[in-house]
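S.K.: Sequence first, predicted coordinates after that:
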Amino acid sequence: MRTCPICGSPAKKIFDKEFNVSCGDYFEGYRLYTDNIGPFSLHACGLCDFAWYPEFDAWSDSDFLARIYNDDYHLCDPPFEYERPASLAMWLNSFLGDRTLLDFGGGEGTLATMLRSQGKLATVYDPYYGNTTLPAGTYDIVTAFEVMEHIPDQDWLIGSLLASCSDAGVLIFSSLLRTEIDDQDWWYASPRNGHCCFHSTQSLKMLMEKHGLHVHSLSDELHIAARTIGSLDRYKGLNAPRISGQPKFRFVQPWSAMAPI
């Protein structure tokens, strides 16, 4: 029996999913990557409801680059290149002011570039794209949009984000919370996107507490964490833009036939 990487409680397999199924399939209504290369097994914790694909745990950076973040990655997540950064840049620009920002996992740096064009103090770091050297120093705001679900080692991720965050700063990050996953499917849990970890409200709270953080969710996908309640309270009233969208299709025959929802 596997144990949960967040709380250490027993976990069980809830379904198998073909590796090449992507989130984009659920929006387009067909398989974007047609080759079946084998299933990944989603496991879920019986206590905190954290879910993950253990197969990703043994992957190296080279594996992720070759099998996920390759020339075909744009197929599974079209908003990654422009639509999502543009929406988030508009939102951040409304309250960023003169605070410094590091966009962790920010791809080619589109979000940071958009913010700088508005006179904001923003930079980017991504281990797989663009600026692969982590900038020195700390920042008032560290963002990680659609990053958390891509990182098998959640403790490493939070530690890395905190290392770049000033003591009075905040982490602003997105990841769709697991409100329910039945024993058949969940569109967001699609391996081809590199999605390997899925938090519930409880597991997210437990992870943050482990690192001495307070967390507040602006929505089911946008969250803010800080070392102090005072730093967190400053941002609780923000409106949350929608990031991931709503799928239009579902699988009616795993993993081939799809139908409108």
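M.R.: Received it, and whenever you're ready, just let me know what you need.

S.K.: so where is this protein shaky, pLDDT-wise?
M.R.: Scanning the chain with the threshold set as pLDDT under 70 gives 180-182.

S.K.: quick one: the helices in it?
M.R.: 25-28, 61-67, 73-76, 83-93, 110-117, 154-163, 201-210, 229-233 (DSSP state H).

S.K.: Output those helices as TSV; include the columns mean neighbour count and distance to Glu55.
M.R.: (Each C-beta comes from the backbone N, C-alpha and C, glycine too.) Formatted as TSV, these follow (neighbours: other Cβ atoms under 10 Å; distance: least, Cβ to Cβ, whole Å):
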stretch	mean neighbour count	distance to Glu55
helix 25-28	20	19
helix 61-67	12	10
helix 73-76	17	17
helix 83-93	19	26
helix 110-117	20	30
helix 154-163	17	16
helix 201-210	19	19
helix 229-233	14	35
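
S.K.: TSV for the ones you listed, including distance to Cys4?
M.R.: Below are those laid out as TSV (distance: least, Cβ to Cβ, whole Å):
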stretch	distance to Cys4
helix 25-28	27
helix 61-67	23
helix 73-76	27
helix 83-93	30
helix 110-117	32
helix 154-163	11
helix 201-210	8
helix 229-233	26
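
S.K.: what's the closest of these to Trp255?
M.R.: With Cβ to Cβ as the criterion, Trp255 lies closest to helix 25-28 of the helices of the chain, at 8.6 Å.

S.K.: I'd like to know which elements the closest one is packed against.
M.R.: strand 249-253 (3 or more Cβ pairs under 8 Å, 6 or more residues apart in numbering; DSSP states H and E).

S.K.: Please name every helix or strand in contact with the strand it packs on.
M.R.: helix 25-28, strand 257-260.

S.K.: mind putting the ones you listed in JSON lines, distance to Glu221 included?
M.R.: Below are the helices and strands packed on strand 249-253 laid out as JSON lines (distance: least, Cβ to Cβ, whole Å):
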{"stretch": "helix 25-28", "distance to Glu221": "16"}
{"stretch": "strand 257-260", "distance to Glu221": "23"}
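
S.K.: I am finished for the moment; much appreciated.
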